[in-house]
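# A structural model of the following input is requested.
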Amino acid sequence: MKKFKKAFRRLPDPRADNARHDLLEVLFIALAAMLCGAESCSDMADFGESKEELLRLFLRLEHGIPSHDTFSRVFRLLKPQAFERAFRRFMAAFAKANHIKLTGVVAVDGKALRGAYERGGKATPLHMVNVFAVDARMALAQQKASGRNETAGALEVLDLLSLEGCIVTADALHCTRAFAATVRERGGDYVLAIKANRGRLFTAVTQQFARSGKRSTAEQIDPSTHDRREVRRATIMRNTSLAGLYGFPGAAAIGRITSRRRLAEQRADAPVVRHYLLSKYIAPKRLLHVTRSHWGIENQLHWVLDVHFAEDSNRSRCDHAPENLAILRRLALNILRTHPDPASLRRKIKRAGWDNAFLMAALSHMR
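Reported below is the predicted structural model:
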């Protein structure tokens, strides 16, 4: 609780001065409830009522357990920018205390909160940009993409982070001068997918690979799983001229990955070729690892949030509630994932709800 208080104590309370329940206690109960699988403010209130005896071991609860209206009011009024800053402070302290390195591959990608839409706006739900440390498997930050402008949201969230020792990956949507410049300014390097949407720059990259020139290659054969076999070949070429010719900050090399997939008892699919811009020259084997790691944000963050925390089906949509609850889900995910118990995330969530000792261990793990 001490680490939690230290990180969140500067969080401004948006309620009136005569609010009955302490803000940190409300947030702590909400987090504990989410560790146990709570999905809504009503779930948080029910959790508090059922675990009141346990919660009183380390919370004052001067006015008892907050109602679901209190939880709802707090998350609707709480400023997401301030809550996100507190989240980053907590995760920095949490990583340091648990000797977790937040360097290596850092993936950036957008995710829609499918249930968070205004009446009549089902096709345009709230859109968030997430930053995920792939090696540590931890969510680092998130930012609302105002007007569903993912590129602008990505620039805003990167500007909040220190990227020393990180290689930032993103899909072709983010292969822009502004994105590359922001990554370099924050101390990181980038590996950005590039497609025909970049016009002359993409043409220059593909033409260089078509010509003869010094290059390094490596091949990787993935083990046969799910009745398929995939061979991936990476090629790297140095190129520092792109930075000057096309004004692309920090460009130092280009990469190409050719994938060939074959399903069991079928003819091989046509090869798929992807191109990349890099801010530093890396070994082709490393490029294979970096580009493959980028998909960790889909498989280990977005998919997990939808399946285990029901993010897409969550219907909180008023005021700031969708953003704030999304931050809380990422905090709960980080804590459960780094807990030393080898059980799956699904089992950890269920066990936290059933076993007070395990829940206490998860909460103590936050220190």
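# Sketch out the low-pLDDT regions of the stretch 151-300 of the chain for me.
For the stretch 151-300 of the chain, applying pLDDT under 70 flags the ranges 224-226.
# Could I get the full set of strands for it?
166-170, 189-194, 216-225, 228-238, 253-263, 272-278 (DSSP state E, counting those that start in this stretch).
# What pLDDT does the model give Asp96?
I think there's a mix-up here, since residue 96 is Lys and not Asp. At Lys96, the pLDDT value in this model is 89.
# Run through who's touching the helix or strand it falls within.
Taking DSSP states H and E as the criterion, the element that holds Lys96 is helix 80-97. When contacts are defined by Cβ atoms under 8 Å, 6 or more residues apart in numbering, helix 80-97 is touched by residues 3-4, 6-8, 10-12, 100-102, 136, 138-144, 160-161, 320, 323-324, 327, 330-331, 334-335, 338, 366-367. From N, CA and C alone the C-beta is placed, and that goes for glycine too.
# Just the ones of those residues in strands?
With strands identified by DSSP state E, the entries of the contacts of helix 80-97 that belong to them are 138-144.
# possible to save those as JSON lines with pLDDT and distance to Ser241?
Shown next, in JSON lines, are the ones in strands among the contacts of helix 80-97 (pLDDT from 0 to 100; distance: Cβ to Cβ, whole Å):
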{"residue": "Met138", "pLDDT": "96", "distance to Ser241": "37"}
{"residue": "Ala139", "pLDDT": "97", "distance to Ser241": "37"}
{"residue": "Leu140", "pLDDT": "97", "distance to Ser241": "33"}
{"residue": "Ala141", "pLDDT": "96", "distance to Ser241": "34"}
{"residue": "Gln142", "pLDDT": "96", "distance to Ser241": "36"}
{"residue": "Gln143", "pLDDT": "95", "distance to Ser241": "33"}
{"residue": "Lys144", "pLDDT": "94", "distance to Ser241": "38"}
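# just to revisit the earlier point, out of the strands of the stretch 151-300 of the chain, nearest to Thr206?
Taking Cβ to Cβ as the measure, those were each checked against Thr206, and strand 272-278 came out nearest at 6.5 Å.
# And the closest one, what does it pack against?
Strand 272-278 makes packing contacts with strand 189-194, helix 200-210, strand 253-263, helix 284-293 when contacts are defined by 3 or more Cβ pairs under 8 Å, 6 or more residues apart in numbering; DSSP states H and E.
# The same query, at a cut-off of 7 Å, please.
Counting by 3 or more Cβ pairs under 7 Å, 6 or more residues apart in numbering; DSSP states H and E, the packing neighbours recorded for strand 272-278 are strand 189-194, strand 253-263.
# What is the distance between it and the centre of its chain?
Relative to the centre of its chain, strand 272-278 is centred 23 Å away, using Cα atoms, centre = their mean, to the nearest Å.
# where do the helices sit along the stretch 1-150 of the chain?
Per DSSP state H, counting those that start in this stretch, the stretch 1-150 of the chain carries helices over the ranges 2-8, 23-35, 41-50, 52-55, 68-77, 80-97, 150-158.
# Tell me which of the ones you listed sits most buried.
Comparing those on average neighbours per residue, with mean count of other Cβ atoms under 10 Å, the densest one is helix 23-35 at a mean of 22.
# tilt between that one and helix 80-97?
Using axes from the mean of the first three to the mean of the last three Cα atoms, to 10 degrees, the inter-axis angle of helix 23-35 relative to helix 80-97 is 70 degrees.
# quick one: average pLDDT of helix 23-35?
Looking at helix 23-35 alone, the average pLDDT works out to 97.
# same check, this time on stretch 335-348
Mean pLDDT, taken over the full extent of stretch 335-348, equals 95.
# So what touches that stretch?
Defining contact as Cβ atoms under 7 Å, 6 or more residues apart in numbering, one finds that stretch 335-348 is touched by 35, 98, 100, 137, 304, 308, 349, 351, 362, 365-366.
# same thing but at 10 Å, please
Contacts of stretch 335-348 from elsewhere in the structure, counted by Cβ atoms under 10 Å, 6 or more residues apart in numbering, are 31, 34-37, 90-91, 94-95, 98, 100, 136-139, 300-301, 304, 307-309, 333, 349-352, 358, 361-366.
# From those residues, list just the buried residues.
31, 34-37, 90-91, 94-95, 100, 136-139, 300-301, 304, 308-309, 333, 349, 351-352, 358, 362-363, 365-366 (16 or more other Cβ atoms under 10 Å).
# what about the helices in the stretch 251-367 of the chain?
Taking DSSP H, counting those that start in this stretch as the criterion, the stretch 251-367 of the chain contains helices spanning 284-293, 296, 303-308, 321-338, 345-354, 356-364.
# ok now the last one, how far from the chain's centre?
It refers to helix 356-364. 25 Å.
# Could you shift the numbering so residue one becomes 36, and keep it that way?
Sure, I'll start numbering at 36, so the last one becomes helix 391-399.
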